[in-house]
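# Structure for this input, please:
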Amino acid sequence: MARSRFVALVALASITTWAQADELLVPSQFRDIQSAIDAATDGDTIIVAPGVYVGRGNANIRPGGKAITIRSTGGAAVTTLDAARNGSVFLVSAIDQPGPIVEGFTIVGANRSGVQVTGGSITLRACVMADNWNGIVGGGVNVDGGGSVTLEGCVLRDNLAGQGAGLNVWEGGRATLRGSLIMGNRADITGGGGVMADQGATLTMDRCIVKANRAIGFAGSSAGVRVARASMGTITNSLIIDNTALGQGGGISFTNDSTGSVVNTTIANNVASFGGGGVLLTDGVVGVEIANTILWDNIPDQVSAGGTRPSMRYSIVMGGYSGEGVLDIDPRFVAPFEDNYELQPGSPAIDAGDNAAAAGLELDLAGLPRFVDDPSTPDTGLGTAPIVDMGAYEFQVDSCPVDFDGDGQLTIFDFLAFQTAFGLGDPRADFDGDGELTIFDFLAFQTAFAQGCE
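Numbers count the residues shown, from 1 in each chain. Here you go, the predicted structure:
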């Protein structure tokens, strides 16, 4: 009976706490965000109307150790917090645990990192960190002192720093990125144009795009993502493209005793002047695993390993690489010149991955299901069907298989596309599913075409 009373009291206290949560409005009730925070208590939500917020109270904002949510009503496109080159927008310290949730803002104009996290934690959702600067580390976001940041559906673009221009996490810090875009950032000293994990940091990235970042300093290595000095990086379901390093490491770099894994990721069209266009491993790096990943059209090479080679499995590597299930064959992207790295029908990456390596991955980069079986493609990967695809995108089976050219209409061009596939021995032309290409496949296609698709 005593235990039941205790549980009931705890539940009542919880209900009472949330019942007392308030909404504080900026600027109708409070002239700036800091004033609203100062008046808030745990569980409160600060709601910010559209506008450009600048000056005291809207820059160098300190959450004050309160478990609150700061949310805009109109989203990042119409709600801007501008530091006006006078520090940061948010300053998070060790007292901020579990830390605030900040949602729907554009954060600009900082000269000491757009968001500075020192020992505490913060969650950023649907935020844009753009045009911020730090002369040393972390133009968009900097995490140090064992702090942590979570970015969900965020954009880090056009930020500038000595290292980790988009995001820098170091000194035992932790960063988790989901569904975010890191684009157009520039590191001018030690690299990590897009993202840098350094000095024992932990970096986790899932369903992210890292594009067109640069590393141009005297130690200009690692334009896309760099994991360095005893740090660990885990990258899944991501697209790493069009990054450029003046030195080594165009796409992803593991350096200085770091480790990690890259799974179901597409790394393409990255450039490094001195090697490691796709992936770079330097001396002292051990235990890096790459699986279900496509490395294609990186310059001057796909993988450069100065010490221990990565463990490569069930991947496509242009020019080849040793490892179980590794292929050297055109992955057949839909339109890479338009940044569309989805897989065409008949791609060798379909149903060709290692299921064990992709365990726990439910969605691909586009937010569509993983482990989708294509009945027109033989399973060449490892595991029990359905077999996961290679790369950032899972091929989604067309619900109308006779729409052979994929234009959404049934026309004579579907017949021509089928005939071409049949002539090339494409497995998709095995329309009756008997494992052979015969006249019966033509008859099966003709019957299905006549029935149409719902």
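# what's the distance between Glu289 and Arg56?
The gap separating Glu289 from Arg56 is 49 Å, by C-beta to C-beta, to the nearest Å. In this view, the C-beta of every residue, glycine as well, is placed from N, C-alpha and C.
# With Gln116 instead?
With C-beta to C-beta as the criterion, Gln116 and Arg56 are 17 Å apart.
# Cys250 sits in which helix or strand?
Quick fix: residue 250 is Gly, not Cys. Using DSSP states H and E, Gly250 maps to neither a helix nor a strand.
# So it is in contact with Asn298, correct?
Yes. If you go by C-beta atoms under 8 Å, Gly250 and Asn298 touch, sitting 6.1 Å apart.
# Now list whatever residues contact both of the two.
Common contacts of Gly250 and Asn298, defined by C-beta atoms under 8 Å, 6 or more residues apart in numbering, comprise Asn270, Val271, Ala272, Gly277, Gly278.
# can you give me the helices in the stretch 301-450 of the chain?
For the stretch 301-450 of the chain, applying DSSP state H, counting those that start in this stretch gives helices covering 412-423, 439-451.
# I'd like these laid out as CSV, including mean neighbour count.
Listed next are those as CSV, based on neighbours: other C-beta atoms under 10 Å:
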stretch, mean neighbour count
helix 412-423, 16
helix 439-451, 14
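# State the pLDDT value of the closest residue to Arg313 other than its chain neighbours.
Excluding the flanking residues, the one nearest Arg313 by C-beta to C-beta, 6 or more residues apart in numbering is Ala291, at 4.5 Å. On pLDDT, Ala291 comes in at 98.
# okay, Gly250 and Asn298: which has more neighbours?
Gly250 (37 against 27; other C-beta atoms under 10 Å).
# I'd like the distance between that one and Tyr341.
16 Å.
# so what's the residue positioned nearest the centre of the chain up against?
The residue lying closest to the centre of the chain (C-alpha atoms, centre = their mean) is Cys208, at 1.3 Å. Contacts here follow C-beta under 8 Å, 6+ apart; on that basis Cys208 touches Leu177, Arg178, Gly179, Ser180, Leu181, Ile182, Ile235, Asn237, Ser238, Leu239.
# same deal with Asp144?
So Asp144 contacts Val117, Thr118, Gly119, Val137, Val169, Trp170, Glu171, Gly173 (C-beta under 8 Å, 6+ apart).
# List the single closest residue to it in space, sequence neighbours excluded.
Spatial nearest neighbour of Asp144, chain neighbours left out: Glu171 (4.4 Å); criterion: C-beta to C-beta, 6+ apart.
# I'd like the next helix or strand past the lowest-mean-pLDDT helix or strand in the chain.
Least confident helix or strand of the chain, by mean pLDDT, DSSP states H and E, is helix 2-19 with a mean of 42. As assigned by DSSP H and E, the chain's next helix or strand after helix 2-19 is strand 23-26.
# got the contact list for that next one?
By C-beta under 8 Å, 6+ apart, strand 23-26 touches 30, 32-33, 35-36, 39-40, 44-49, 53.
# would you list the residues you listed in CSV and tack on distance to Gly194, secondary structure and neighbour count?
Output for the contacts of strand 23-26, formatted as CSV (distance: C-beta to C-beta, whole Å; DSSP: H, G, I helix; E, B strand; the rest coil; neighbours: other C-beta atoms under 10 Å):
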residue, distance to Gly194, secondary structure, neighbour count
Phe30, 36, coil, 19
Asp32, 32, coil, 19
Ile33, 28, helix, 24
Ser35, 35, helix, 18
Ala36, 33, helix, 25
Ala39, 38, helix, 13
Ala40, 34, coil, 24
Asp44, 35, coil, 20
Thr45, 32, strand, 17
Ile46, 30, strand, 25
Ile47, 32, strand, 17
Val48, 28, strand, 25
Ala49, 32, coil, 14
Tyr53, 27, strand, 22
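# Out of these, give me the two with the largest separation.
Largest separation among the contacts of strand 23-26 by C-beta to C-beta: Asp44 and Tyr53, giving 18.5 Å.
# returning to what we had before: looking at Glu289 and Arg56 now, which is surrounded by more residues?
The neighbour comparison of Glu289 against Arg56 (other C-beta under 10 Å) goes to Glu289, with 16 against 11.
# Would you confirm that the more buried one contacts Phe254?
No. Between Glu289 and Phe254 no contact is recorded; they are 10.7 Å apart, counting by C-beta under 8 Å.
# Can you check which residues contact both of these two?
Gly260.
# Could you chop the protein up by domain?
Annotated domains of the chain cover 183-397, 399-454 [automatic domain parsing].
# and of the ones you listed, who's closest to Pro98?
Across the domains of the chain, closest to Pro98 is domain 183-397 (C-beta to C-beta), at 17.4 Å.
# Between the two ends of that closest one, what distance do you get?
Across domain 183-397, the terminal residues are separated by 30 Å (C-alpha to C-alpha, to the nearest Å).
# Just give the number of residues close to Gln97.
Neighbours of Gln97 (other C-beta under 10 Å): 14.
# pretty sure it is in contact with Gly120, am I right?
Yes. Look at Gln97 against Gly120 with C-beta under 8 Å: they come within range, at 6.0 Å.
# most packed of the domains of the chain?
Of the domains of the chain, the one with the most neighbours on average (mean count of other C-beta atoms under 10 Å) is domain 183-397, at a mean of 22.
# to the chain's geometric centre, what's the distance from that one?
Its chain's average C-alpha position is 11 Å from that of domain 183-397, according to C-alpha atoms, centre = their mean, to the nearest Å.
# now swap in stretch 435-454 and tell me
40 Å.
# Also stretch 42-49?
With C-alpha atoms, centre = their mean, you get 28 Å for stretch 42-49.
# Okay, now it: how far is its last residue from its first?
Per C-alpha to C-alpha, the first residue of stretch 42-49 is 21 Å away from its last.
# can you check stretch 401-411 too?
Stretch 401-411 end-to-end distance (C-alpha to C-alpha) = 13 Å.
# now what about that stretch, what contacts it?
345, 376, 398, 400, 413-418, 421, 428, 431, 445, 448-449, 452-453.
# ok, what's across the strand from Leu25?
Beta-bridge partners recorded for Leu25 (DSSP bridges): Ile47.
# So what's the residue count around it?
15.
# and for stretch 361-381, what are the contacting residues?
Under C-beta under 8 Å, 6+ apart, the answer for stretch 361-381 is 179, 207, 209, 236-239, 263-264, 314, 325, 342, 345-346, 348, 350-355, 358, 385-389, 392-397, 401, 427-428, 430, 433.
# Filter those down to just the ones in strands.
Ile209, Thr236, Leu239, Val263, Glu342 (DSSP state E).
# mind putting these in JSON lines, distance to Gln302 included?
Shown next, in JSON lines, are the ones in strands among the contacts of stretch 361-381 (distance: C-beta to C-beta, whole Å):
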{"residue": "Ile209", "distance to Gln302": "19"}
{"residue": "Thr236", "distance to Gln302": "19"}
{"residue": "Leu239", "distance to Gln302": "16"}
{"residue": "Val263", "distance to Gln302": "17"}
{"residue": "Glu342", "distance to Gln302": "20"}
